[in-house]
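Undergrad: Starting from these lines, generate the structure:
(chains A and B)
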Number of protein chains: 2
Amino acid sequence: MKEFPLWQEVQADLEAVEAELLRQVEAPDPILTQAARHLVQAGGKRLRPAFAILAAKCCGAPREQILPLAVALEMIHMATLVHDDVIDASPVRRGRPTVWARWGKELSLHTGDYLFARALLLVAAYDDPRIPSILASTSVKMVQGELYQLAGAFDIGVTLRDYLKRIYRKTALLIAASCQLGAIAAGASENLIGSLYRYGRNLGMAFQITDDVLDMAAEPEKLGKPIGSDLRQGVITLPAIYALRFSPKKQKLACLLAKRDKTSMEIQEVIDLIKNCGGIDYSLGLAERYLAKARQHVLALPPGRARDILVGLTYFVRTRGI
Amino acid sequence: MKEFPLWQEVQADLEAVEAELLRQVEAPDPILTQAARHLVQAGGKRLRPAFAILAAKCCGAPREQILPLAVALEMIHMATLVHDDVIDASPVRRGRPTVWARWGKELSLHTGDYLFARALLLVAAYDDPRIPSILASTSVKMVQGELYQLAGAFDIGVTLRDYLKRIYRKTALLIAASCQLGAIAAGASENLIGSLYRYGRNLGMAFQITDDVLDMAAEPEKLGKPIGSDLRQGVITLPAIYALRFSPKKQKLACLLAKRDKTSMEIQEVIDLIKNCGGIDYSLGLAERYLAKARQHVLALPPGRARDILVGLTYFVRTRGI
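TA: Presented below is the predicted three-dimensional model:
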């Protein structure tokens, strides 16, 4: 996010998040602490805490009031990542060995459960009963999103509608909840809460679409993992769904997408077929439409520095890494 | 629990729990629903819901008030079982194939996460902020208990203190929380809440000790799984800890306990060594002391049918299955 000029204004907030994250993952068990700390130190953009803090600031609340919630949101996100790594058997994430690769499935599974429970404990300090309730229902739906992905693997019959439903649950929902909960913890009005939720949902959709594009079109060094990992795992994303319909070689593409254990050459072939028929451009165009909607919702908020940053992010998501 | 004469008085409550459990695990995803339903239908004693309902009845609340909480407690328990089965790679639980054996690790992992999140969503309907907070802190400590077990596997240096700390977190804590939360949801006084918590904690300790004894001394048909599974997994339980100190053949026993991949004959040899030096009797004696303490705490409650059943359970735990 260093390329995003307004991000430096969130730096102090994110440093506070980082310190609190490290403090919160301390456990009486040394291995658990080590694994959780490894996860924290692997880094990440801390988007969810940033959204919660910015949303709260838009509603006039200071960072301190939001910090436990912001940290809890990142812990829930980390819990899903560490469980995903068990499922995908991923050796590397963000250029570092995963907890799964380093400590095995037992500890990864427990670390995920632990981070999730610690996050809930952290938000239990807020009086508002909407907070644990929204976090629980968000988590229920996120698991459902993971299952859609599992059930739809290598399924070339997946529709645009299936895809949008899946990425909403997998990604957009927690970003939307981060904005919404930031506003709730700030004691904002229903109107403001609603606008921030819709901002987060639209931005989250655009974020995941861009992520799915990057998996095919990014420079591998910037991505921190090999290109085409979705294709390897049989996850059919938007550019592929578009190309399955509009590529002049759609039969060939369908066979390749449905094939398990693709070679590197086959992965490259799939990517070329998708690029050549405009699958990447179409996907970025759809992301752009979500970003325009996000912008529209954020402009309903009171003007100020926090709002400027939220607006700025809608421009940044579009261009990162490509 | 059919052998426990007072259990029939809880039958109507537990049937309501069963119906609600099946209703709650319904998910939009058919495989997830199937897996969760498989888990529910695999049965179980539903001890945690029973304790919550009985505790609430002791405090004068009707079943309806407690039902969502009772169901949530069983779902949290089921979530830990399904994750345990992934870790232990258990093919069978209660005489039926596990979710892991039938659907694999991906779905088991998601089913556990799903049940836990659904449970939290269910209790979010209660106004009292103590309820989600106690559930979250209980879950944090339960994960820590699992890790103690993992870290202490095949470790013959494990002490009585380590063991008690582990079973407290692994088992007693959720039973104690069930009693405590039943009282809280019933709007009981701090005094009553405290007595019920202590009853549950002591009963839970006795319950786990008896369970650990049963793993060595039960008839396999009654147990629903092969005998000696703790020994096979390197979990050093109370009878073994006693025997490591007092058996005349403690050297031999230590070598066998620390050995991985024991043969069936070696398992039988370990059990015989433990039995011969009085390890089973000692453990049952300690369980009896916890039960006496539990009884003492329950007698501080207002007299009535619910209290009678809680008292009755302290006699039943001692004798089940042996």
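
Undergrad: How about the contacts made by residue A:312?
TA: When contacts are counted by Cβ atoms under 8 Å, 6 or more residues apart in numbering or on different chains, residue A:312 touches A:4-6. Every C-beta, even on glycine, is put in place using the N, C-alpha and C of the backbone.

Undergrad: what do you get for residue A:310?
TA: Going by Cβ under 8 Å, 6+ apart, residue A:310 touches A:51, A:54-55, A:58, A:199, A:298, A:301.

Undergrad: follow-up on the earlier one: filtering the contacts of residue A:312 by proximity to chain B, which remain?
TA: Applying Cβ under 8 Å from any Cβ of the partner chain to the contacts of residue A:312, one finds that nothing falls near chain B.

Undergrad: any idea where the helices of the stretch 151-300 of chain A begin and end?
TA: With helices called from DSSP state H, counting those that start in this stretch, the stretch 151-300 of chain A shows them at A:160-167, A:173-185, A:190-217, A:220-223, A:229-233, A:238-246, A:250-258, A:264-276, A:279-298.

Undergrad: Kindly compare burial across the ones you listed and name the winner.
TA: Most buried of the helices of the stretch 151-300 of chain A, by mean neighbour count (mean count of other Cβ atoms under 10 Å in any protein chain shown): helix A:173-185, with a mean of 28.

Undergrad: what packs against it?
TA: helix A:47-58, helix A:63-88, helix A:130-151, helix A:190-217 (3 or more Cβ pairs under 8 Å, 6 or more residues apart in numbering or on different chains; DSSP states H and E).

Undergrad: Can you check what angle separates the last one from helix A:238-246?
TA: Computed with axes from the mean of the first three to the mean of the last three Cα atoms, to 10 degrees, the direction of helix A:190-217 lies at 70 degrees from that of helix A:238-246.

Undergrad: follow-up on the earlier one: Throw the helices of the stretch 151-300 of chain A into TSV and include mean pLDDT, thanks.
TA: Formatted as TSV, these follow (pLDDT from 0 to 100):
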stretch	mean pLDDT
helix A:160-167	95
helix A:173-185	97
helix A:190-217	96
helix A:220-223	71
helix A:229-233	91
helix A:238-246	97
helix A:250-258	96
helix A:264-276	96
helix A:279-298	96
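
Undergrad: mind checking which of those helices is nearest residue A:46?
TA: Nearest to residue A:46, of all the helices of the stretch 151-300 of chain A, is helix A:173-185, at 10.6 Å by Cβ to Cβ.

Undergrad: How far off centre is stretch A:189-209?
TA: On the basis of Cα atoms, centre = their mean, to the nearest Å, stretch A:189-209 sits 13 Å off its chain's mean C-alpha point.

Undergrad: could the helices and strands packed on helix A:173-185 go into a markdown table alongside distance to chain B?
TA: A markdown table is the format used below for the helices and strands packed on helix A:173-185 (distance: least, Cβ to the nearest Cβ, whole Å):
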| stretch | distance to chain B |
| --- | --- |
| helix A:47-58 | 17 |
| helix A:63-88 | 5 |
| helix A:130-151 | 4 |
| helix A:190-217 | 17 |
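
Undergrad: who touches the residue of the stretch 201-322 of chain A found nearest chain B in this structure?
TA: With Cβ to the nearest Cβ as the measure, residue A:233 is the residue of the stretch 201-322 of chain A nearest to chain B, at 11.4 Å. Counting by Cβ under 8 Å, 6+ apart, residue A:233 touches A:88, A:153.

Undergrad: go on, residue A:227?
TA: Taking Cβ under 8 Å, 6+ apart, we find residue A:227 in contact with A:215-216, A:218, A:220, A:267, A:271.

Undergrad: Residue A:124 reaches residue B:136, doesn't it?
TA: Yes: counting by Cβ atoms under 8 Å, residue B:136 is a contact partner of residue A:124 at 5.4 Å.

Undergrad: that older thread, of the contacts of residue A:310, closest to residue A:84?
TA: residue A:51 (20.6 Å).

Undergrad: From residue A:278, how far off is the most far-flung residue of chain A relative to its centre?
TA: The outermost residue of chain A, judged against the average C-alpha position, is residue A:248 (32.6 Å), by Cα atoms, centre = their mean. Residue A:248 is 11 Å from residue A:278, where distance means Cβ to Cβ, to the nearest Å.
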